[in-house]
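> sequence and predicted model, in that order:
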Amino acid sequence: MIHMTDQHLHATHPGLIKRLKRADGHLRHVIEMIVDGRPCAEIAIQMQAVERAITAAKRTLIHDHIDNCLGDGGEDDLSELRALAKLL
C-alpha cells in the first residue's frame, strides 16, 4: 500500500505511480525473457523501453519538484537545483 502525505502529494504523483507500475510490469517481462532464453536483441529492446519509461518518470518528478517545492530561490534552493540538474 502506498502512503502519501498531503505535504508531498503533487498532481503528477498518481500518473507517476501508474507509469512506474507499468515499467515494473515490463521489467518483470524482461526477466521472464531472460529466464526463457529469448534472443539478446529482443531483451535489449525491451530493456530500452523500461529505461525510457523510468527516465521519463524521473524527469516528470524532478520538474514537478522544481515547479512546486523549491522556495524563494535562496542559496539552499540553488544548491538543490544544481543537484537535481545532475539527475536529468
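Structure received. Numbering: from 1, shown residues only.
> got the phi and psi for the most far-flung residue of the chain relative to its centre?
Note on the chain: the largest C-alpha distance from the chain mean falls to Gly37, namely 28.2 Å (Cα atoms, centre = their mean). Gly37 has phi and psi values of phi 80, psi 30 when expressed as degrees, to the nearest 10.
> and the gap between it and Glu80?
Summarising the geometry, the distance separating Gly37 from Glu80, computed by Cβ to Cβ, to the nearest Å, is 45 Å. For the C-beta atoms, the positions are set from N, CA and C on the backbone; glycine is no exception.
> Gly15 too?
The separation that Gly15 has from Glu80, given Cβ to Cβ, amounts to 23 Å.
> I'd say Thr12 and Ile62 touch.
No. Applying Cβ atoms under 8 Å, one finds Thr12 not in contact with Ile62, separated by 10.5 Å.
> contacting residues around stretch 23-40?
Counting contacts by Cβ atoms under 8 Å, 6 or more residues apart in numbering, the residues outside stretch 23-40 that touch it are 42-43, 46-47, 49-50, 53-54, 57.
> with stretch 70-88 instead?
Stretch 70-88 is contacted by residues 58-59, 62, 65-66 when judged by Cβ under 8 Å, 6+ apart.
> Throw those into TSV and include neighbour count, pLDDT and distance to Ala85, thanks.
Written out in TSV, the entries for those read as follows (neighbours: other Cβ atoms under 10 Å; pLDDT from 0 to 100; distance: Cβ to Cβ, whole Å):
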residue	neighbour count	pLDDT	distance to Ala85
Lys58	14	93	13
Arg59	12	91	11
Ile62	15	88	9
His65	16	84	12
Ile66	15	83	9
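> among those residues, name the ones in strands.
When DSSP state E defines the strands, the subset of the contacts of stretch 70-88 inside them is empty.
> so for stretch 28-36, what gets flagged as buried?
When burial is assessed from 16 or more other Cβ atoms under 10 Å, stretch 28-36 yields the following buried residues: 30, 33.
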